[in-house]
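In: With the input below, show me the fold.
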Amino acid sequence: MKSLPPNMLKKMLEEVLVDMLNSRKKEVYNVILDAMEDYGLSHAIKEGRKNRFVDETKILRALAGHK
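Out: Next up, the predicted model:
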């Protein structure tokens, strides 16, 4: 079995990627959007972690209306 020259393989991969981007724009857009949202959320979580965590029991009591 022969292997393809690197430049031919690169050209074929480029063509496949361009075709995929053109034919599935909505799906690609959604994947990129999800990745950006995940990155933003992880960044916000890291920025918000400046103090110690609140005990889960305190959170559940607050949600239930107890002190």
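In: top helix in this protein by residue count?
Out: helix 25-48 (DSSP state H).
In: Output the contacting helices and strands for the next helix or strand after that helix.
Out: Next along the chain after helix 25-48, taking DSSP states H and E as the criterion, comes helix 56-64. Contact here means 3 or more Cβ pairs under 8 Å, 6 or more residues apart in numbering; DSSP states H and E; on that basis helix 56-64 packs against no helix or strand. Backbone N, C-alpha and C define where each C-beta goes, glycine included.
In: i'd like the first residue to be 39 from this point on
Out: Happy to do that; since the first residue is 39 now, the last one works out to helix 94-102.
In: how far does helix 94-102 sit from the chain's center?
Out: Taking Cα atoms, centre = their mean, to the nearest Å, one finds helix 94-102 lying 31 Å from the centre of the chain it belongs to.
In: Give the rounded mean pLDDT of stretch 66-78.
Out: Averaging pLDDT along stretch 66-78 yields 93.
In: where does this structure have low pLDDT?
Out: Counting by pLDDT under 70, the chain contains low-confidence residues at 39, 87, 89, 104-105.
In: so who does the most centrally placed residue in the chain touch?
Out: Nearest residue to the geometric centre of the chain (Cα atoms, centre = their mean): A73, 2.3 Å. If you count contacts by Cβ atoms under 8 Å, 6 or more residues apart in numbering, A73 has none.
In: Then the one 4 residues further on?
Out: Neighbouring residues of Y77 by Cβ under 8 Å, 6+ apart: there are none.
In: how much space between it and I70?
Out: Distance, Y77 to I70, using Cβ to Cβ, to the nearest Å: 11 Å.
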